[in-house]
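1. no FASTA, just this:
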Ligand SMILES: Cc1cc2nc3c(=O)[nH]c(=O)nc-3n(C[C@H](O)[C@H](O)[C@H](O)COP(=O)(O)OP(=O)(O)OC[C@H]3O[C@@H](n4cnc5c(N)ncnc54)[C@H](O)[C@@H]3O)c2cc1C
């Protein structure tokens, strides 16, 4: 079903892109404007888009600064790992921006990232280089960093089953350490058949062996995670896109619309992923608080983590809806091994930078899933198995993935503003109010939610009574929504008058009456313009001394700077003399 959805979405995409271009050029009607920020995100998530936007605003500063700390900005991955899914994986990315600058200058790294420190574990592989450290070395980042005594280091193999990614990724001899902050995720030029094939294979992993009702939520969640990752990448590459004509990097609204904005389900999936990762962080909140970074390490890191997790709420995602009984255990195994394949598929990506961010994020999601589905707080053994054994790379990828999603959400909101400016340009001022009033953009989310319920229904048969999967009430609601959203198109352009200052508002409302004498209106306009011209001359005389004073000060500052030998810090172009702004009609 998900495969069909993917195929269908591919078929529709060309048409949608074409439609989008035409729509923007000709009319302001587009599906981008139909989301409701106050609707819940979908089954399992008792949170709205608006609430997530709010949370994100609160944590944004801390998460950005957290991932730029020395501890969180380094990631280890093996760019040379063989793709095990098909032969002849020789695709080449021609773009310079595909390249990753790996850390070669080890001397400049902080001490705790030096190979010998990384290797200094209690298993006594102290004088080994980083490439030789063993699986156990990574089993607890606390031990590595702080040389604290960990009495029991269980065999990592026993933990293997609980992992949703391939732990060997971090143990490979060829793995390199990369500074993520120096290799931002952005447009790389990677695409075409190679990238398409990888996405196709990723979605193909969502073919669970059973089509029973119980697999429904699992399938949906799997699909949403993958699609949310895909949409998040699409958002980043549109937000940090190279304009090849000007050579400048910046947001490309058309590209965002074509890849993400025009597909409400995709936007919704980014929010869904945010909810998943946020919930996993919430779940390990008590343990995160106890993280004992080395004393010589930046104490702020712990405070930042605490600030972030304290903004999160348990209701954001209910992982208990999935995998409830013994039968579900086998679905969970299936889910785990399929997600592991997704992480392994990253080895087939040809563009190194894409591969690296792909690894970071798939490992981040894998860690989230492990925390959500394998950690039972009531069971001491599962705590030992999951939390006590979190590796530093899991923690790094988890928080970097959260930051990727947080950035996506910020970008989506920025794109909303850009979109609004474009569509509701000068000649459509009235639509702006309408747009915000209805939160139109986010009403599309609602439709996305419906589509999941649809899929569940198809899988389950329409008579399914499972309360957690489909509620009959939802069906009625759905029909009601159907008619409710029929009108959710961007409002047609209405002839609007230009924005004017309050003193003129009364005149204007009189001006706009249909039967007004055109000569009277012209007369009033002339009077207004003449008054404006006089006001301009008068204000110019008033402002002259101030402007001359400023000019003198700036020039004196320049001469002084030259005299004392410092660089000019005042930008002449930014000097803004006081000038009265004319309001001519
Ligand atoms: C792991 C990975 C990481 C990447 N990282 C980067 C990067 O950092 N920078 C960069 O510039 N490029 C990156 N790419 C490439 C990028 O994702 C696109 O593949 C590329 O830009 C070509 O896009 P496209 O429009 O041809 O369709 P693709 O994005 O390749 O998508 C293929 C098809 O999937 C369907 N689809 C698209 N999005 C979704 C969605 N969210 N949910 C469901 N279905 C969807 C559509 O039908 C589409 O035609 C990466 C690719 C991969 C596989």
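-> Looks like it arrived, so ask away. As the structure is a prediction and not an experimental result, all values here were calculated from the model.
2. residues from the stretch 151-300 of the chain in reach of the ligand?
-> Counting by CB under 6 Å from any ligand atom, the stretch 151-300 of the chain comes close to the ligand at 185, 187-188, 190-191, 195-196, 198-199, 227, 230-231, 233-234, 237, 259, 266. In this view, the C-beta of every residue, glycine as well, is placed from N, C-alpha and C.
3. repeat for the stretch 301-450 of the chain
-> So far as CB under 6 Å from any ligand atom goes, the stretch 301-450 of the chain lies against the ligand at 346, 349, 354, 357, 358.
4. Ranking by neighbours, what's the top pick from those?
-> Greatest neighbour count in those, by other CB atoms under 10 Å, goes to residue 357: 28 neighbours.
5. For it, which non-adjacent residue is spatially closest?
-> Excluding its sequence neighbours, the residue lying closest to residue 357 (CB to CB, 6 or more residues apart in numbering) is residue 185, at 4.3 Å.
6. What are the phi and psi values at the one you found?
-> Main-chain dihedrals, residue 185, degrees, to the nearest 10: phi -80, psi 120.
7. Use 398 as the first number from now on
-> With the count now opening at 398, the last piece we talked about shows up as residue 582.
8. List only buried entries from the residues of the stretch 548-697 of the chain next to the ligand.
-> Buried subset of those (neighbour count, 16 or more other CB atoms under 10 Å): 582, 584-585, 587, 592, 595-596, 624, 627-628, 630-631, 634, 656, 663.
9. Show me those residues that map onto helices.
-> 592, 595, 596, 624, 627, 628, 630, 631, 634, 663 (DSSP state H).
10. Tell me which residues touch the fourth one, please.
-> The neighbours of residue 624, taking CB atoms under 8 Å, 6 or more residues apart in numbering as the test, are 600, 662, 663, 666.
11. Thought residue 631 was touching the third one, still the case?
-> By that I understand residue 663. Yes. If you go by CB atoms under 8 Å, residue 663 and residue 631 touch, sitting 7.5 Å apart.
12. joint contacts of those two?
-> 656, 657.
13. Contacts only, for the residue nearest to residue 754.
-> 630, 633, 634, 637, 750, 754, 801.
14. And it, how far from residue 981?
-> Distance, residue 582 to residue 981, using CB to CB, to the nearest Å: 47 Å.
15. next one: residue 940
-> Taking CB to CB, one finds residue 940 at 19 Å from residue 981.
16. Neighbour count for those two, which is higher?
-> Set residue 940 next to residue 981 and count neighbours by other CB under 10 Å: residue 940 wins out with 15 against 9.
17. Please name the nearest non-neighbouring residue to the more buried one.
-> Among residues not flanking residue 940 along the chain, residue 975 sits closest, at 4.5 Å (CB to CB, 6+ apart).
18. quick one, phi psi at residue 437?
-> phi -60, psi 150.
19. what about the helix ranked longest in the chain, average pLDDT?
-> What stands out as the longest helix in the chain, according to DSSP H, is helix 915-961. Per-region confidence: helix 915-961 scores 86 on mean pLDDT.
20. secondary structure element for residue 646?
-> Under the criterion of DSSP states H and E, residue 646 resides in strand 645-647.
21. other SSEs contacting that strand?
-> Secondary-structure packing of strand 645-647 (3 or more CB pairs under 8 Å, 6 or more residues apart in numbering; DSSP states H and E): strand 638-640.
22. Which positions within stretch 814-823 qualify as buried?
-> 815, 816, 817, 820, 821.
23. Touching, residue 779 and residue 770? I think so.
-> No. Counting by CB under 8 Å, residue 779 does not reach residue 770; the two are 10.4 Å apart.
24. ok, the spatially closest residue to residue 648 that is not a sequence neighbour - how many residues close by?
-> Nearest non-adjacent residue to residue 648, counting by CB to CB, 6+ apart: residue 636, 4.9 Å away. Number of residues near residue 636 (other CB under 10 Å) recorded here: 24.
25. Please apply the same query to the one 3 residues further on.
-> When neighbours are counted by other CB under 10 Å, residue 639 registers 18.
26. Let me see the contact set for it.
-> Here residue 639 is in contact with 494, 584, 586, 645, 646 (criterion: CB under 8 Å, 6+ apart).
27. let's see it at 6 Å
-> 584, 646 (CB atoms under 6 Å, 6 or more residues apart in numbering).
28. likewise residue 806?
-> residue 453.
29. cool, residue 464 as well?
-> Contacts of residue 464 by CB under 6 Å, 6+ apart are 797, 800.
30. same thing with residue 666?
-> Here residue 666 is in contact with 621, 624, 625, 628 (CB under 6 Å, 6+ apart).
31. Next: residue 478.
-> residue 744.
32. Stretch 738-754 spans what distance, first to last residue?
-> End-to-end distance for stretch 738-754: 16 Å, by CA to CA, to the nearest Å.
33. in it, what counts as buried?
-> 738-754.
34. go on, stretch 468-483?
-> Those would be 468, 469, 470, 471, 472, 473, 474, 475, 476, 478, 480, for stretch 468-483 by 16+ other CB under 10 Å.
35. Next, the fifth one: secondary structure please.
-> Using DSSP: H, G, I helix; E, B strand; the rest coil, the structure places residue 472 in strand.
36. Please read off the pLDDT at the residue nearest to residue 633 when sequence neighbours are not counted from the model.
-> Excluding the flanking residues, the one nearest residue 633 by CB to CB, 6+ apart is residue 582, at 4.9 Å. Each residue has a pLDDT score; the one for residue 582 is 91.
37. about what we covered before: next SSE after the strand holding residue 646?
-> helix 650-653.
38. Give me the contact list for that next one.
-> Applying CB under 6 Å, 6+ apart, the contact partners of helix 650-653 are 635, 638, 812, 815.
39. could you dump those residues to TSV with pLDDT?
-> Below are the contacts of helix 650-653 laid out as TSV (pLDDT from 0 to 100):
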residue	pLDDT
635	95
638	88
812	93
815	90
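40. Farthest pair within those?
-> Using CB to CB, the contacts of helix 650-653 reach their maximum pairwise distance at 638 and 815, which is 12.5 Å.
41. now residue 788: how far from residue 684?
-> 14 Å.
42. any idea which of the contacts of residue 666 is the one closest to residue 721?
-> Nearest member of the contacts of residue 666 to residue 721, counting by CB to CB, is residue 621, at 19.0 Å.
43. The helix or strand harbouring the closest one: which residues count as buried?
-> Residue 621 belongs to helix 610-636 when assigned by DSSP H and E. The neighbour-count check on helix 610-636 (16+ other CB under 10 Å) flags 610-636 as buried.
44. and what of stretch 640-649?
-> Buried residues in stretch 640-649 (16+ other CB under 10 Å): 648, 649.
45. from memory residue 719 sits against residue 614, does it?
-> Yes. If you go by CB atoms under 6 Å, residue 719 and residue 614 touch, sitting 5.3 Å apart.
46. returning to what we had before: please convert the buried residues of stretch 814-823 to CSV, extending it with distance to residue 577 and secondary structure.
-> Shown next, in CSV, are the buried residues of stretch 814-823 (distance: CB to CB, whole Å; DSSP: H, G, I helix; E, B strand; the rest coil):
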residue, distance to residue 577, secondary structure
815, 27, helix
816, 29, helix
817, 32, helix
820, 35, helix
821, 37, coil
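47. Spatially, which two of those residues are the most separated?
-> Among those, 815 and 821 lie farthest apart (CB to CB), at 11.2 Å.
48. Chain neighbours aside, what residue packs nearest to residue 583?
-> Going by CB to CB, 6+ apart, residue 583 has residue 637 as its nearest residue, at 3.4 Å.
49. How many residues are close by the one you found?
-> For residue 637, the count of nearby residues is 19 (other CB under 10 Å).
50. helices and strands around the helix or strand that contains residue 599, which ones?
-> Secondary-structure element containing residue 599, defined by DSSP H and E: helix 589-601. Applying 3 or more CB pairs under 6 Å, 6 or more residues apart in numbering; DSSP states H and E, we find helix 589-601 packed against helix 723-742.
51. Where does residue 805 fall, secondary structure wise?
-> Per DSSP H and E: helix 789-820 holds residue 805.
52. Buried residues in that helix, which are they?
-> 789-810, 812-813, 815-817, 820.
53. between it and helix 610-636, how many degrees?
-> Put simply, helix 789-820 runs at 70 degrees to helix 610-636, going by axes from the mean of the first three to the mean of the last three CA atoms, to 10 degrees.
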